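# Give the three-dimensional model of this entry:
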Amino acid sequence: MSYNFRSLIKEHQAFYEVLPYDVLLEERHGSFPAMTRRVQAGFDVDIYGVSVKNELTLPGPDPKYALAYSELQKLAKKLSHDTPCSLEVIPFPSTAVIDIRNHAQVEGMLRIRISHWRGLDQPAGPPEQHALEEVENRLHGLGVARR
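Numbers count the residues shown, from 1 in each chain. Have a look, this model is predicted:
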């Protein structure tokens, strides 16, 4: 990880939250009505950075957002080689998050999705949990706190 990325994390007071990544499966058996089943297929690690301008601007055109996205892609690629999981970085360049818990701060967000290759009907298990722990360890090492 580059020095610029570490300073970017500090400048934008980066933090993250972990959420379950759920999929909804619709199952049809004969002529019965379809049944919907929810399966936790992995985890979403949402990483936020506070806007230093405190203006309602979209993060997409900002080169700092592009740098964060690029560095997180490198991290995900490296970790995906060490685990049987899929790690995908999802950008939200046209989304600004308003944090009402913190005086309506404007934040940008990137997501690391941890899932598996076993099929959507299979729940997450130890490999996904291990990948989540590795992602969290790397984020902590970079100075990104969990909220």
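# Check the gap between the closest residue to residue 11 other than its chain neighbours and residue 68 for me.
Once flanking residues are discounted, residue 11 sits nearest to residue 52: 6.3 Å by CB to CB, 6 or more residues apart in numbering. Every residue, glycine included, has its C-beta placed from N, CA and C. Distance of residue 52 to residue 68, given as CB to CB, to the nearest Å: 13 Å.
# More neighbours: the two, which one.
The residue with more neighbours, out of residue 52 and residue 68, is residue 68; 24 against 11, by other CB atoms under 10 Å.
# is it fair to say that one lies in a strand?
No - applying DSSP: H, G, I helix; E, B strand; the rest coil, one finds residue 68 to be helix, outside a strand.
# I'd say it and residue 7 touch.
No - using CB atoms under 8 Å as the test, residue 68 is too far from residue 7 to be in contact (11.5 Å).
# Low-confidence regions, this structure specifically.
Within the chain, the ranges that satisfy pLDDT under 70 run 1-3, 30-31, 54.
# residue ranges of the strands in it, please?
Here the chain has its strands, by DSSP state E, at 15-27, 35-50, 86-91, 97-99, 105-115, 145-146.
# now those in JSON lines, with mean neighbour count and distance to residue 61?
Listed next are these as JSON lines, based on neighbours: other CB atoms under 10 Å; distance: least, CB to CB, whole Å:
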{"stretch": "strand 15-27", "mean neighbour count": "13", "distance to residue 61": "23"}
{"stretch": "strand 35-50", "mean neighbour count": "18", "distance to residue 61": "15"}
{"stretch": "strand 86-91", "mean neighbour count": "18", "distance to residue 61": "12"}
{"stretch": "strand 97-99", "mean neighbour count": "13", "distance to residue 61": "17"}
{"stretch": "strand 105-115", "mean neighbour count": "21", "distance to residue 61": "11"}
{"stretch": "strand 145-146", "mean neighbour count": "11", "distance to residue 61": "27"}
